[in-house]
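**Student:** Provide a 3D model corresponding to the input given below.
(2 chains)
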Amino acid sequence: MVGTVAAAFFALPLVGLLWRAPWRDAWGYLSSDTALTALRLSLVCSTWATALSLIFGVPLAWILARARFRGRSALRALCTLSMVLPPVVGGVALFFALGRRGLIGQWLDRWFDFRLPFTTAGVVVAQTFVAMPFLVVTVEAAFSQLNQQYEDAARTFGASQWYTFRRVVLPSIKSALIAGSVLAWARSLGEFGATITFAGSFPGTTQTMPLAVYRALETNPEEAIVLALVLIAVSFAVLVGLRGKWLNAAGASLSQASR
Amino acid sequence: MLTASFTAERGSLILQVAFEIGAGELVAVLGPNGAGKSTLLNCLAGLVPIASGTIAIDGIEVDCPAQAILTPPEKRPIGVVFQNGLLFGHMTVVENVAFGLRAQGAKRSAARLEARRWIAKFGLDQYADELPHVLSGGQAQRVALARALITNPRLLLLDEPLAALDAGTRNDVRMELSKQLASFPGMRIMVTHDPVDAHSLADRIIILEHGTITQVGTPQEITARPKTRYVAELAGLNMYSGTILNNVMTTASGATIVIATDGHGPSHAVIRPQSISIHRNLDHTSSPRNVWPGVIIHIDNLGDRSRVSISGPLPQTVEVTSTSVASLGLAPGDDVWTSVKATDIETYPA
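**Tutor:** Take a look at the predicted model:
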């Protein structure tokens, strides 16, 4: 009974959107340049953010799971802080670090004439900042559950540490890698606060779907509903595609990470 | 040839050993759980660093902290068969067996070809492309052995290779393992807590207790003349330690044992449980010169024979016919006398 209420709680807003959706004009809104551009930008940026999360997050998860050093818990807290931080705060913080007058940003600007804020790259950075922890937490849990004896065994058969990592460790955590990537990707796709603060909302360069929805809400609510439904459809497709198996793996890791 | 003389620490255990293994020898390291057997194996494999001493394989030092030598496992000429096999679950049988060759840089096709040759040799052709979870315990063990042997190691290490198998298949797998191990020309060290494995497979046995080697010898030597209570119990013998003077051994607890053989000084004495007789009353006319009082603490009925555990100045395990247990009306708590002929006692220097 209570479960039904919960399910209804999640279903109702969706029904609300569908109810108000301007079905007759939907195709017009969808095929508009703004919508398509925003959708493409969203997909590209989320994929880049997921790739960066994988490249940097997997080694980080490995350190958190395996290295023994003082301050490991503090490092873990630091690296997962952006999961609980309001994204706007994250965006502001990124701005002071990587903005034109920022801690690092001023040197990037002066030496390389390179500026992150208000660029597509800035969107990717903002999304990576909020999304990577989801991957790190999922993968770290998988790493720490691994039976290290398999790695020892591989070493005795002549495998270097790197070969062991590639051929024994990574295949063993495949489902966690997939679950973590999908979580990070989904988080990037929905990212709003950090993006708008750090990268702004310029159509074509930084205006991703959530930002486009927000902008449309101010000028044309009907368009906002259509864009929102597209975003929902994409997210829903991903979650269904994930199937229970990987979601459960991710859920288990997340619950373990909160230990 | 393997020369090892080292110490290592693992938690509260301090391992301190010195031994040599000759070319082509199969040595079993036998000891109770927690004696440091696996630690010893891991030290030889390079998975646990030693604290002091040296390990040399064919004259080449692979571990020597004093000279800052520590060869990592992948650079040692070893192969390991782990407890439970530890086959990689995400790889097929061929990929598992080919792993060592691939890791050392062999081409995929060449490694697979060689792996299939080993798999055929071990009679597992039809499982070559299966994942390990379909294999029985004995089959998994064979794959693990093939995986360890494919790189042609100088030293093969086996960690409790039969422990994970159920009793039904154990004997068959032991016989197979014995055949396969015989075909490997290098040095072989097998760690086990099962005396049957050690006796049926090994040329020589090293007894390891509490991190220390307490006895080394052929299976026959070890069972005939155990040096510790642990070995005596494995061999099913009563063993006593004491000092012999004028054909009488006096144990630490003050009991005396009259012996027929020569001997002098600190010694061990063993008495087979079948050599001891149990009496209700002390019969002064009987010939044995060794008679001890005792209390029955436990009786194990083994069918037509029974094992009677007796406490007293000289604790004993006695094996008698179940008929005599019944006719004497023996029961736990009873006061009895035990006797043994001096000629049935074997002694040897401690």
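**Student:** C-alpha from now on. contacts and neighbour counts both.
**Tutor:** Will do.
**Student:** now do the contacts for the closest residue to chain A within chain B.
**Tutor:** Proximity of chain B to chain A (C-alpha to the nearest C-alpha) peaks at B:E74, 3.7 Å away. By C-alpha atoms under 8 Å, 6 or more residues apart in numbering or on different chains, the contact set of B:E74 is A:155-160.
**Student:** pull the number of nearby residues for the closest residue to it other than its chain neighbours.
**Tutor:** Excluding its sequence neighbours, the residue lying closest to B:E74 (C-alpha to C-alpha, 6 or more residues apart in numbering or on different chains) is A:G158, at 3.7 Å. If you count neighbours by other C-alpha atoms under 10 Å in any protein chain shown, A:G158 ends up with 26.
**Student:** same question for B:A255.
**Tutor:** So B:A255, with other C-alpha under 10 Å, has 15 neighbours.
**Student:** give me the contact list for the helix or strand of chain B with the lowest mean pLDDT.
**Tutor:** Of all helical and strand segments in chain B, the minimum by mean pLDDT, DSSP states H and E falls on helix B:167-182, at a mean of 85. Helix B:167-182 has contacts (C-alpha under 8 Å, 6+ apart) with B:138, B:142, B:162, B:197, B:200-201.
**Student:** 7 Å instead, please
**Tutor:** Residues outside helix B:167-182 that contact it (C-alpha atoms under 7 Å, 6 or more residues apart in numbering or on different chains): B:138, B:162, B:201.
**Student:** repeat for stretch B:253-268
**Tutor:** Taking C-alpha under 7 Å, 6+ apart as the rule, stretch B:253-268 contacts B:239-245, B:247-250, B:289-290, B:313-314, B:342-343, B:345, B:347-350.
**Student:** run the last query once more with 10 Å
**Tutor:** The contact list for stretch B:253-268, computed with C-alpha atoms under 10 Å, 6 or more residues apart in numbering or on different chains, reads B:225-228, B:239-251, B:269, B:288-292, B:312-315, B:340-350.
**Student:** list only buried entries from those.
**Tutor:** B:225-228, B:239-244, B:247-251, B:269, B:291-292, B:312, B:314-315, B:340-342, B:344-349 (16 or more other C-alpha atoms under 10 Å in any protein chain shown).
**Student:** out of the contacts of stretch B:253-268, which are inside strands?
**Tutor:** If you go by DSSP state E, these have B:239-245, B:248-251, B:269, B:290-292, B:340, B:345-349 in strands.
**Student:** on that earlier part again, looking at the contacts of B:E74, spot the one nearest B:E95.
**Tutor:** Checking the contacts of B:E74 against B:E95 by C-alpha to C-alpha gives A:F157 as the nearest, at 12.8 Å.
**Student:** which residues touch that closest one?
**Tutor:** With C-alpha under 10 Å, 6+ apart, A:F157 has these contacts: B:73-80, B:97-104, B:147-151, B:153.
**Student:** got the confidence number for it?
**Tutor:** What the model reports as pLDDT for A:F157 is 93.
**Student:** quick one: name the residues of the stretch 51-200 of chain B near chain A.
**Tutor:** B:72-82, B:85-91, B:96-105, B:147-151, B:153 (C-alpha under 10 Å from any C-alpha of the partner chain).
**Student:** please list only the buried members of those.
**Tutor:** B:72-82, B:85-88, B:91, B:96-104, B:147-151, B:153.
**Student:** can you flag which of those residues belong to strands?
**Tutor:** Those of those lying in strands (DSSP E): B:78-81.
**Student:** closest residue of the stretch 1-150 of chain A to chain B?
**Tutor:** A:Y150 (6.3 Å).
**Student:** surely that residue touches A:V168?
**Tutor:** Yes. Here A:Y150 lies in contact with A:V168, judged by C-alpha atoms under 10 Å, at a distance of 7.5 Å.
**Student:** give me the more crowded residue out of those two.
**Tutor:** Shown here are A:Y150 and A:V168; by other C-alpha under 10 Å, A:V168 has more neighbours (21 against 18).
**Student:** hey, where'd the helices end up in chain B?
**Tutor:** Assigned by DSSP state H, the helices in chain B fall at B:37-45, B:93-103, B:108-121, B:137-149, B:167-182, B:195-201, B:219-224, B:229-235, B:322-328.
**Student:** oops, could you answer that again for the stretch 1-150 of chain A instead?
**Tutor:** A:2-20, A:26-30, A:33-66, A:72-84, A:87-98, A:105-112, A:120-145, A:148-156 (DSSP state H, counting those that start in this stretch).
**Student:** how about CSV for those helices, with distance to B:A28 added?
**Tutor:** Converted to CSV, the helices of the stretch 1-150 of chain A look like this (distance: least, C-alpha to C-alpha, whole Å):
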stretch, distance to B:A28
helix A:2-20, 61
helix A:26-30, 75
helix A:33-66, 34
helix A:72-84, 42
helix A:87-98, 62
helix A:105-112, 65
helix A:120-145, 33
helix A:148-156, 20
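**Student:** B:M190: which of the ones you listed is closest?
**Tutor:** helix A:148-156 (15.7 Å).
**Student:** who touches that closest one?
**Tutor:** Outside helix A:148-156, the residues touching it (C-alpha under 10 Å, 6+ apart) are A:159-161, A:163-165, A:167-169, B:42, B:45-47, B:72-82, B:85-89, B:96, B:99-100, B:103, B:148.
**Student:** contact partners for B:T71?
**Tutor:** Here B:T71 is in contact with B:45-47, B:49, B:61-64 (C-alpha under 10 Å, 6+ apart).
**Student:** returning to what we had before: which of the helices of chain B has the lowest average pLDDT?
**Tutor:** Minimum mean pLDDT among these: helix B:167-182, a mean of 85.
**Student:** centre of the chain versus it, how much separation?
**Tutor:** Its chain's average C-alpha position is 16 Å from that of helix B:167-182, according to C-alpha atoms, centre = their mean, to the nearest Å.
**Student:** just stretch B:153-169 next, same as before
**Tutor:** So, by C-alpha atoms, centre = their mean, the centroid of stretch B:153-169 is 12 Å from its chain's centroid.
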